[in-house]
Each structure stands twice: as structure tokens, then as C-alpha cells.
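Undergrad: after the sequence you'll find the predicted model.
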Amino acid sequence: MRFPQPAPVTPPRSSIPVLLGTQTLFNIGFYAVVPFLAVVLAQDFLLASSAVGLILGIRTFAQQGLFLAGGTLADRYGARSMILIGCAVRAAGFLILAASLWASTPVLWLFILGTLLTGFGGALFSPGLNILVAAAQTAREQEQHQQVRRATLFAWLSITGEIGAVTGPLVGSALWNWGFSTVAGFGAVFFVAIGIFLAITLRQPVPASATPTAASSRAQRTTPRGGLRRCLKDRGFVAFCALHASDLLAYNQLYLAIPLELQRHDMPTQWLGLIFAWISILTLGLQLPVSWLAARIGAASTLRAGYLLSASGFIVLAFIPPSAFGSEASPLRILCAVTLMTLGHMSVHPTALGLVPKFAAGNATGSYFGLLSSCGGLAVLLGNLLFGWLLSQSQDSSVPAFVPWLVLVIPLLLASWIGSRVVRDRLLRTHIA
């Protein structure tokens with residue numbers, strides 16, 4: 001059985017630099033603010049690790065968990081429109097975060113509201129961006145006729161995003177001396193500027209052919225509800241989404257486990273910005289070589305290796321004491337773990353995104369992207385809650401110190417064992433490799 005050909009809609013070629021540059025801008029605004037949420041919740045609101053984990057899990061669920069809704073809306077109203085609306089919603093969320101600390105006593109419910117809106121804004125604009133990049137990648141592959149295996153546009157999206165991720169944490173760290181309200185206020189103004197920029201520069205997609213095929217015409221006539229139903233009935237894709245959710249849960253620990261681990265060992269907050277800069281350096285330097293290798297060994301093998309690398313990072317935190325790297329205050333142990341997690345994520349993330357348009361084959365691509373991210377958002381919500389609770393228990397010796405990290409290791413090992421086999425079987429059965 002073969003899926004129908006992808007829908008004949010692509011962004012104009014001149015939009016590709018805008019799409020890639022947009023990811024840079026999104027990440028500057030995002031990483032300038034979000035990595036410091038755990039610190040603010042712990043220091044300004046004096047919340048326990050379990051409460052911090054719950055709130056950050058809700059933020060991620062408001063973004064990743066609602067991707068399915070955002071993708072369906074993008075299928076219905078257009079990717080460009082949802083990108084612009086998402087920018088406005090995220091700007092409002094950052095402004096509310098800043099306002100929550102303006103009073104003499106910080107207002108927790110206002111902080112949570114701002115956190116939810118920042119996540120929901122991402123749920124609106126990210127699927128739209130993925131849809132446009134996927135359409136551009138499909139056109140690129142058709143032009144190449146699969147003669148040369150090159151890094152996908154999703155790999156380039158990771159690189160351009162990391163340019164922003166280099167800048168964002170450094171901007172946030174620089175503004176930290178003026179307080180988190182200043183950091184969040186910067187994020188709000190920045191996303192307003194992004195929205196204005198995209199309203200001027202981002203063009204509407206255009207038909208790739210004036211005479212679409214019968215298959216593509218059927219794809220265009222598919223309603224969002226019908227596309228969503230088709231997505232949820234695709235059992236192979238649903239299984240892949242459930243297993244791949246472990247990657248988002250693992251990578252999200254850069255905003256929960258790593259800041260709390262730094263705080264637990266009395267390391268300066270500024271280390272957090274430097275760690276994110278190191279992650280960006282790794283991605284900028286290694287994403288293309290990793291993607292080049294992934295194109296040659298295949299999607300299933302890449303996913304297996306990537307999940308194992310991420311699991312190894314958490315095994316380092318679970319079983320190797322800080323003293324093994326010199327002293328309790330040494331950042332080398334955390335840097336080693338973060339390096340393994342980053343290598344794993346840069347292996348599996350572009351690979352998974354590249355598989356989505358092949359599964360969707362032009363029918364409600366936004367819904368397919370949305371389901372992939374929504375499963376990850378649900379995993380983060382539940383996983384962060386469990387991890388935070390176990391971490392609190394471990395600090396008073398109720399449970400062994402390594403137990404919380406198993407919440408992160410076990411799903412990655414299952415994904416490596418089962419997930420890669422699901423992908424290989426699906427690719428062979430549908431001939432989409």
C-alpha cells in the first residue's frame with residue numbers, strides 16, 4: 001500500500017530564508033525567558049520541586065499538548081494566520097509574567113496564567129511553521145529526485161533555532177540583574193516585533209502546480225475534522241508518537257532537572273545561561289554532520305542511537321556522584337549529561353519531524369505534527385509531576401537518589417527498543433523510506 005502524493009502547496013522559494021530566520025527569532029525570545037522560570041518559582045514563590053515540576057509541566061502541555069489543536073487550526077485557517085496570532089498570544093503571556101512580580105508580594109496565579117499563555121502561543125505558531133517547512137522540504141526532495149542525500153530543512157531549522165538559543169540565554173542572563181520582570185518584559189516586546197516582521201515578510205503559500213493531480217485534489221478537499229480522524233486512526237503513527245514522547249520529556253529537563261540540579265549543588269544561576277550556550281555550540285557544530293550520518297544509516301537506526309544517547313545522559317546524573325568530576329560544585333558532571341542529552345535530541349528530533357509529512361502524505365499535515373507534539377506535551381506534564389515529586393522525596397532520603405532519574409531513563413530505553421522497530425516496520429510496509 002502506498003500513501004497518496006503530498007499536497008501540491010509550497011511556500012515560495014524566497015520564503016525559505018524567512019522561515020529559517022523566524023526560528024532564530026522565536027528562540028531568542030523563548031530562551032531569554034523560559035529557562036529562568038524554575039529559578040523564579042523556587043526563589044520568588046518558594047515552591048517545592050514537585051510544585052515547580054507541575055507548573056512547568058502545565059506550561060509545556062499548554063504548548064506541546066495543544067499542538068494538535070494548533071495544527072488543526074492551521075489546516076483550517078492557514079499556517080501564516082496562526083503564526084501571527086501565536087506571536088501575539090506569546091507576547092501577552094510574557095507581559096503577564098512580568099506583571100506577576102510587579103506587586104510587593106508576587107502573584108502566583110498571574111504567573112501561572114502568563115506561563116499558560118506563553119505555551120499556548122507556541123501551540124499556535126509552531127505547527128504553522130512546521131507545515132511551511134515540510135512543504136518546502138517536499139518540494140526540495142522532488143527537485144533533487146532523491147539523487148543526493150542532504151541534510152533536511154528540519155536539520156537546518158535546528159541550526160537556525162540554535163543561533164537564537166545561543167543568544168537568548170545570554171540576553172536573559174544579562175538582564176537578570178534588573179530582575180525577572182525586565183527579562184519577561186523584553187520577551188513581550190520582542191515577540192510583538194517578530195509578529196510585525198512576519199506580517200510584512202512572510203508570504204502566503206502558493207500552488208506548486210496549476211493542474212493538481214487527482215490525489216492532491218482529494219487531499220485539498222480533506223476537512224480538518226476528517227484529517228484529524230485519519231490521523232488518530234493511523235495506529236502506526238499513534239504508536240510512534242507515544243514512544244517518541246520520551247524525547248520531549250527528556251529534553252524538557254533542561255528547564256526543570258538541570259536548573260534544580262544546579263541549585264541543589266549551590267552553583268550560580270549564571271551557569272544556566274552558559275549551559276544553554278554550550279548546547280547551542282554543540283548543535284551548531286554537529287547538527288549537519290549528525291544529519292548527514294542519519295541520512296545514510298536510516299531513520300530507524302538514527303532513532304535507536306539517539307534515544308540511547310539521551311538515556312545515557314540521565315544515567316550519568318543518576319549513578320555518577322559530582323565528586324567523580326572533582327568537587328560538589330563542579331559543573332563537569334552536568335555538562336557531560338547535557339552533552340549526551342543534546343546529541344540524542346539532535347539525532348531524533350529532525351528525524352521524527354522529517355517522517356511526519358511522509359506519514360501524512362498531504363492530508364492534514366498540521367494535525368499529524370500536532371499529534372506528535374501533543375503526545376510529548378502529555379508526557380512532560382505527567383513525567384515532570386512524577387519526577388518532581390520523586391526528587392522532593394529523594395532530598396529527605398525517602399527514596400534513593402537515583403530513582404527520580406529512572407522516570408526519564410526507562411521511557412527512552414523503551415523508545416529505543418520498540419520505537420525504532422515500529423518506524424522500520426512502517427517504512428517497509430508503506431514504502432515511504
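TA: Right, received. Where do you want to start?
Undergrad: might you list the low-confidence residue ranges for the stretch 51-200 of the chain?
TA: Across the stretch 51-200 of the chain, the ranges flagged by pLDDT under 70 are 141-151.
Undergrad: pull out the buried residues from stretch 413-425.
TA: Neighbour counts over stretch 413-425 (16 or more other CB atoms under 10 Å) mark 413, 415-416, 419-420, 422-424 as buried. Every C-beta, even on glycine, is put in place using the N, C-alpha and C of the backbone.
Undergrad: give me the mean pLDDT for it.
TA: Mean pLDDT, stretch 413-425: 82.
Undergrad: now do it: distance to the chain's middle.
TA: 20 Å (CA atoms, centre = their mean, to the nearest Å).
Undergrad: tabulate the buried residues of stretch 413-425 in a markdown table, adding columns for secondary structure.
TA: Formatted as a markdown table, those follow (DSSP: H, G, I helix; E, B strand; the rest coil):
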| residue | secondary structure |
| --- | --- |
| 413 | helix |
| 415 | helix |
| 416 | helix |
| 419 | helix |
| 420 | helix |
| 422 | helix |
| 423 | helix |
| 424 | helix |
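Undergrad: chain center to the helix or strand where residue 313 lies: distance?
TA: Using DSSP states H and E, residue 313 sits in helix 299-319. Centre-to-centre, helix 299-319 and its host chain are 17 Å apart (CA atoms, centre = their mean).
Undergrad: for it, packing partners?
TA: Using 3 or more CB pairs under 8 Å, 6 or more residues apart in numbering; DSSP states H and E, the elements in contact with helix 299-319 are helix 235-251, helix 270-297, helix 332-360, helix 403-414, helix 420-430.
Undergrad: got the CA positions of that helix in CSV?
TA: Provided in CSV are the C-alpha atoms of helix 299-319 (Å, rounded to 0.1, in the frame of the first residue of the first chain):
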residue,chain,number,x,y,z
ALA,A,299,15.6,6.7,10.3
ALA,A,300,15.1,3.6,12.5
SER,A,301,18.8,3.3,13.3
THR,A,302,19.1,7.0,14.0
LEU,A,303,16.2,7.0,16.4
ARG,A,304,17.6,4.0,18.3
ALA,A,305,21.0,5.6,18.7
GLY,A,306,19.5,9.0,19.7
TYR,A,307,17.2,7.6,22.4
LEU,A,308,20.2,5.6,23.9
LEU,A,309,22.4,8.7,23.9
SER,A,310,19.7,10.7,25.8
ALA,A,311,19.2,7.8,28.3
SER,A,312,23.0,7.8,28.9
GLY,A,313,22.9,11.4,30.0
PHE,A,314,20.4,10.7,32.7
ILE,A,315,22.3,7.6,33.8
VAL,A,316,25.3,9.9,34.4
LEU,A,317,23.1,12.1,36.7
ALA,A,318,21.6,9.0,38.4
PHE,A,319,24.7,7.0,39.2
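Undergrad: so which bits of it are buried?
TA: Neighbour count says helix 299-319 has 299-318 buried, by 16+ other CB under 10 Å.
Undergrad: what angle do that helix and helix 403-414 make?
TA: 170 degrees (axes from the mean of the first three to the mean of the last three CA atoms, to 10 degrees).
Undergrad: report the angle between the axes of helix 299-319 and helix 332-360?
TA: Using the same axes, to 10 degrees: helix 299-319 against helix 332-360 is 150 degrees.
Undergrad: looking at the helices and strands packed on helix 299-319, which is nearest to residue 377?
TA: helix 235-251 (7.2 Å; CB to CB).
Undergrad: average pLDDT for the closest one?
TA: Computed over helix 235-251, the average pLDDT equals 90.
Undergrad: any buried residues in the helix or strand that that helix is followed by, and which?
TA: Helices and strands here follow DSSP H and E; after helix 235-251, the next one along the chain is helix 257-264. For helix 257-264, burial by neighbour count (16+ other CB under 10 Å) applies to 257-263.
Undergrad: and these, which is closest to residue 69?
TA: Using CB to CB, the buried residues of helix 257-264 come closest to residue 69 at residue 257, 27.9 Å.
Undergrad: and the spatially closest residue to that closest one that is not a sequence neighbour, how far is that from residue 283?
TA: Leaving aside its chain neighbours, residue 257 sits nearest to residue 387 (6.9 Å; criterion: CB to CB, 6 or more residues apart in numbering). To residue 283, residue 387 is 24 Å away according to CB to CB, to the nearest Å.
Undergrad: which of these two has more residues huddled nearby?
TA: residue 387 (27 against 23; other CB atoms under 10 Å).
Undergrad: please name the residues that touch the more buried one.
TA: 53, 253, 256-257, 404, 407-408 (CB atoms under 8 Å, 6 or more residues apart in numbering).
Undergrad: next: residue 59.
TA: Contacts of residue 59 (CB under 8 Å, 6+ apart): 34, 37, 115-116, 118-119.
Undergrad: any idea which helix or strand comes after the helix or strand containing it?
TA: Assigned by DSSP H and E, residue 59 belongs to helix 49-60. Using DSSP H and E, the next helix or strand after helix 49-60 towards the C-terminus is helix 67-77.
Undergrad: helices or strands next to that next one in the packing?
TA: helix 79-99, helix 108-144, helix 224-233, helix 365-395.
Undergrad: what's the local residue count around the residue nearest to residue 73 when sequence neighbours are not counted?
TA: Closest residue to residue 73 apart from its sequence neighbours, by CB to CB, 6+ apart: residue 82 at 5.6 Å. Look at residue 82: counted by other CB under 10 Å, it has 26 neighbours.
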